[in-house]
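Colleague: Curious how this folds, go ahead:
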Amino acid sequence: RLVFFNHSMNEEQQDAVRRIVAGRVTHVPYVLFGPPGTGKTTTLVETILQLAKTSPPSFRILVMAPTNTASDIFVVRMKEALNKSEMHRVMAYQRSDAGVS
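Modeller: Next comes the predicted model:
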């Protein structure tokens, strides 16, 4: 049984996290979709945190997003539960560090 980091997720979000973490289907990607504001980012962050905490130390997770802003959102939300040594943020060399949390 998972202990969720984010206690405000609804049952559908929790079910999605449970299914992904259980890893019963590994030959195809998991796809979360929906209109803006439906909790996709929240669900993904929770899934990443659960995988980071329940997987062996050699397990690696690669998170990519289409924009720096989207990547920043993931980092900000995950840094509350992960140590700095557990994350590595890569960004375009043209971007200033001042804009990153």
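
Colleague: can you pull the contacts of the residue nearest the centre of the chain?
Modeller: In the chain, the residue lying closest to the centroid (C-alpha atoms, centre = their mean) is Val45, at 2.8 Å. By C-beta atoms under 8 Å, 6 or more residues apart in numbering, the contact set of Val45 is Asn6, Phe74, Arg77, Met78. C-beta: built from backbone N, CA, C; applies to glycine.

Colleague: sec struct for the first one, please.
Modeller: The local conformation at Asn6, judged by DSSP: H, G, I helix; E, B strand; the rest coil, is coil.

Colleague: distance of the closest residue to it other than its chain neighbours from Val3?
Modeller: Closest residue to Asn6 apart from its sequence neighbours, by C-beta to C-beta, 6 or more residues apart in numbering: Glu46 at 5.3 Å. For Glu46, the distance to Val3 equals 11 Å [C-beta to C-beta, to the nearest Å].

Colleague: What about the residue lying closest to Arg95 once chain neighbours are set aside, how many residues nearby?
Modeller: Nearest residue to Arg95 in three dimensions, chain neighbours excluded: Asn68, at 6.1 Å (C-beta to C-beta, 6+ apart). Asn68 has 14 neighbouring residues, counting by other C-beta atoms under 10 Å.

Colleague: Equivalent analysis for the one 4 residues further on, please.
Modeller: Summarising burial for Asp72: neighbours were counted as other C-beta under 10 Å, giving 16.

Colleague: and it, what pLDDT?
Modeller: If you check Asp72, the pLDDT there is 87.

Colleague: Is it within a helix or a strand, and which one?
Modeller: Per DSSP states H and E, Asp72 falls inside helix 68-78.

Colleague: List the buried residues in that helix.
Modeller: Using 16 or more other C-beta atoms under 10 Å as the test for burial, helix 68-78 gives Ser71, Asp72, Phe74, Val75, Arg77, Met78.

Colleague: Looking at the residues you listed, which one is closest to Asn10?
Modeller: Sorting the buried residues of helix 68-78 by distance to Asn10 puts Arg77 at the head of the list, at 17.0 Å, by C-beta to C-beta.
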